[in-house]
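**Student:** generate coordinates for the sequence data below:
(one chain, ligands or ions: 1)
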Amino acid sequence: MSLLASLLLLTSLAAAGGPTLAPTTITQGALGRVIYPVPEGRLVANAVLQVAGNTLPCFQQEDRLIALFAVPVQTPPGRQTATLLVRYADGSREHFPLGFTVASGTFPTQRIRMPKSKTGLMSSTILAKERQILYGAMKKTAAVPQWEGVFANPLEGRISSPFGRKRYVNGRFWGQHAGRDVAAPTGRPVQATNSGTVLVAQKLWMRGNTVMIDHGLGVFSLYCHLSQIGVKVGQSVRKGEVIGRVGATGFVTGPHLHWEIRVQRTPVNPAGPLREGIALGLPGGP
Ligand SMILES: [Zn+2]
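**Tutor:** Purely as a prediction, here's the structure:
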């Protein structure tokens, strides 16, 4: 087949409604989505999206498959490929490579001194224990979106540490900040950034008293170091509802709220969801 004929064939396949990935340029820490209108008469048994070393579930909404993903902050800038793997009920399989460009984010550096009494918390065993609890709960994400519109600020106040900041604790690299810190006095109410279901409401070690809310389709928000937890596991919450109070529990130097948005396990820069929500591009969707 000539090159021109191949190009024409590719164009017609795209027009026939193959999967699309948007946006085509994604900044480190931001979100992308893959939408695949399943051809009429085809029944999907299973579908996953492989991207940036992770295998993520897809969710079916009527005749479309949807996969949301976040580009980890440490992903090198440049071309990347996400692959949608679809297995149909008749046993046949398809895989769709979808290209996108990773743009670099701007992440400042911070050096923190922590007293010896707190650095004991910087252990991989403790981190693994926390991950086990959070990742285990994440498996229960709803297959339909529970969020609506733009995400709300859980707490007004000065951002004392932005998302993605590179942190050194007592001279040792301690990764990039997975969330955003808002400085506020102990006891200030903390609100749900969007509607969803509480999956975690308990005391952790590094994170202190923690609430994790499922917003559906693998989108989660976390609220840490709370002095008080105001919700229970399984409870439905509305956007703006008070879920706890600011505190200084866990690995902290003073009272503040550390909050995060994650897509599956990957932290997302909350700036995007706060500004424009998480659009699925579906009629009547969030
Ligand atoms: Zn923080």
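
**Student:** can you give me every residue that contacts the residue nearest to Ala271 when sequence neighbours are not counted?
**Tutor:** Spatial nearest neighbour of Ala271, excluding adjacent residues (CB to CB, 6 or more residues apart in numbering): Phe163 at 7.0 Å. C-beta coordinates here come from the backbone N, C-alpha and C atoms, glycine included. By CB atoms under 8 Å, 6 or more residues apart in numbering, the residues touching Phe163 are 29, 177-180, 267, 269-271.

**Student:** any idea how far Phe163 is from the ion?
**Tutor:** Distance of Phe163 to the ion, given as CB to the ion, to the nearest Å: 9 Å.

**Student:** same check, this time on Asn153
**Tutor:** 15 Å.

**Student:** tell me the SS of the residue nearest to that residue when sequence neighbours are not counted?
**Tutor:** Leaving aside its chain neighbours, Asn153 sits nearest to Leu274 (6.5 Å; criterion: CB to CB, 6+ apart). With DSSP: H, G, I helix; E, B strand; the rest coil as the basis, Leu274 sits in helix.

**Student:** pretty sure Leu274 is touching Pro154, no?
**Tutor:** No: contact criterion CB atoms under 8 Å: Leu274 and Pro154 do not qualify, at 10.0 Å.

**Student:** okay, the residue nearest to Ala271: pLDDT?
**Tutor:** pLDDT, Phe163: 97.

**Student:** number the chain from 9, please
**Tutor:** Okay, using 9 as the starting number, the last item reads as Phe171.

**Student:** show me the contacts for the nearest residue to Arg101 once chain neighbours are set aside.
**Tutor:** Distance criterion CB to CB, 6+ apart; nearest residue to Arg101, sequence neighbours excluded, is Arg95 at 5.1 Å. Residues in contact with Arg95 (CB under 8 Å, 6+ apart) are 52-55, 101.

**Student:** which of these ranks first by neighbour count?
**Tutor:** Neighbour counts for those peak at Ala55, which has 23 neighbours (criterion: other CB atoms under 10 Å).

**Student:** which residues touch the closest residue to that one other than its chain neighbours?
**Tutor:** In this structure, Ala55 finds its nearest non-sequential neighbour in Cys66, 4.0 Å apart by CB to CB, 6+ apart. Taking CB under 8 Å, 6+ apart, we find Cys66 in contact with 42, 44, 55-57, 73-75, 92.

**Student:** the ion next: which of those residues are close?
**Tutor:** Among the contacts of Cys66, no residue is within reach of the ion (CB under 5 Å from the ion).

**Student:** what does the stretch 159-294 of the chain have sitting close to the ion?
**Tutor:** Taking CB under 5 Å from the ion as the contact definition, the stretch 159-294 of the chain meets the ion at 189, 266.

**Student:** beta partners of Leu92?
**Tutor:** Assessed by DSSP bridges, Leu92 has beta-bridge partners Leu57, Phe104.

**Student:** mind listing what it touches?
**Tutor:** 27, 42, 44, 55-57, 66, 73, 75, 103-104, 106.

**Student:** nearest to the ion: which residue in the stretch 109-258 of the chain?
**Tutor:** The nearest approach of the stretch 109-258 of the chain to the ion comes at Asp189, 4.1 Å away (CB to the ion).

**Student:** look at that residue and report its pLDDT.
**Tutor:** At Asp189, pLDDT is 96.

**Student:** with Gln199 instead?
**Tutor:** pLDDT, Gln199: 98.
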